[in-house]
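S.K.: Sequence plus the predicted model coming up.
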Amino acid sequence: MGKTQDLIDEAISLPIEERALLVDSLLQSMNPSSNENDQKWTLEAKKRLEELRSGKVAAIPGEVVFRNIWKRFER
């Protein structure tokens, strides 16, 4: 087995949270974000959080979102 496959096998054995961190780190290394984009996303996230907290928008449970997505593909 090659080194790459050994790394993949080891990564797969990690807990889900650590795998998510690993994937995010790898993706960021391939496509580094710019400070400007980070600032824009931070502002957008803060805006959306404020909209949720103020009641301007309502949260949709993840189960509902995914159920609706699956319904679209069942047609």
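M.R.: Now that the structure is in, tell me what you want to look at.
S.K.: make it CA atoms for all contacts and neighbour counts henceforth
M.R.: OK.
S.K.: Under a three-state scheme, what state does Lys56 occupy?
M.R.: Following DSSP: H, G, I helix; E, B strand; the rest coil, the label given to Lys56 is coil.
S.K.: Can you check the pLDDT for it?
M.R.: As predicted, Lys56 sits at a pLDDT of 96.
S.K.: Leu21 now?
M.R.: 92.
S.K.: How far away from the center of its chain is the helix or strand hosting Lys47?
M.R.: Following DSSP states H and E, one finds Lys47 within helix 35-54. Offset of helix 35-54 from its chain centre (Cα atoms, centre = their mean, to the nearest Å): 15 Å.
S.K.: Report the mean per-residue pLDDT for whichever helix or strand comes after it.
M.R.: Using DSSP H and E, the helix or strand that directly follows helix 35-54 along the chain is helix 62-73. For helix 62-73, mean pLDDT rounds to 94.
S.K.: same for helix 62-73, what does it pack against?
M.R.: Helices and strands touching helix 62-73, as assessed by 3 or more Cα pairs under 8 Å, 6 or more residues apart in numbering; DSSP states H and E, are absent.
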